[in-house]
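Q: Return a 3D structure for these sequence lines:
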Amino acid sequence: IWCEVALWPYCSGITTAICHVSASIDSFYERMISATQSKHRQRIKSMFILICWAIWRERNSKVFNDKEILFCQICCFIKDEIREWAFAGAKTLRKLLWEPP
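A: Have a look, this model is predicted:
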């Protein structure tokens, strides 16, 4: 999922974080933020929370309901969720998807 998101505009910092073996999600997060331009950091922080939530939601669905969805469906869910937050007024997320790099 993180590799897919790294292809989105302003998300190249994720590629840097993925290249390092992280002992924890905290170190992954810190690497990702430090590799992102300061003007895009708030966008990435918001997106990071939504992606972690989507992964957690899918994990719970699999563990507790024995339901599994495809990788592409998770990625679509994440983009849809970002769009919903953007339309609800999350300006940083709107810029993540619709503002040219």
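Q: Low-confidence ranges, this protein, go.
A: 21-22, 97-101 (pLDDT under 70).
Q: can you map out the helices along it?
A: Ranges of helices in the chain, per DSSP state H, are 2-5, 12-19, 25-34, 41-65, 71-87, 91-98.
Q: Next up, the contacts around residue 52.
A: Counting by CB atoms under 8 Å, 6 or more residues apart in numbering, residue 52 makes contact with residue 25. Every C-beta, even on glycine, is put in place using the N, C-alpha and C of the backbone.
Q: give me every residue that touches residue 74.
A: Counting by CB under 8 Å, 6+ apart, residue 74 touches 1, 54, 55, 58.
Q: Now list the buried members of the residues you listed.
A: Using 16 or more other CB atoms under 10 Å as the burial test, those include 54, 58 as buried.
Q: ok, of the contacts of residue 74, which one's closest to residue 8?
A: Nearest to residue 8 among these: residue 1, at 11.6 Å, using CB to CB.
Q: Quick check: the closest one vs residue 48, distance?
A: To residue 48, residue 1 is 11 Å away according to CB to CB, to the nearest Å.
Q: separation between the closest residue to residue 68 other than its chain neighbours and residue 42?
A: Excluding the flanking residues, the one nearest residue 68 by CB to CB, 6 or more residues apart in numbering is residue 62, at 5.1 Å. As for residue 62, its distance to residue 42 is 31 Å (criterion: CB to CB).
Q: quick one: which of these two has more around it?
A: Taking neighbours as other CB atoms under 10 Å, residue 62 and residue 42 compare with residue 42 leading, 16 against 12.
Q: right, and the more buried one touches residue 93 too?
A: No. In terms of CB atoms under 8 Å, residue 42 does not count as a neighbour of residue 93; the distance is 9.4 Å.
Q: Got phi/psi on residue 37?
A: For residue 37, the backbone dihedrals are phi -60, psi 140 (criterion: degrees, to the nearest 10).
Q: so who does it touch?
A: So residue 37 contacts 10, 13 (CB under 8 Å, 6+ apart).
Q: Roughly how far does it sit from residue 12?
A: Distance, residue 37 to residue 12, by CB to CB: 9 Å.
Q: Report the contact partners of residue 15.
A: Counting by CB under 8 Å, 6+ apart, residue 15 touches 3, 6, 35.
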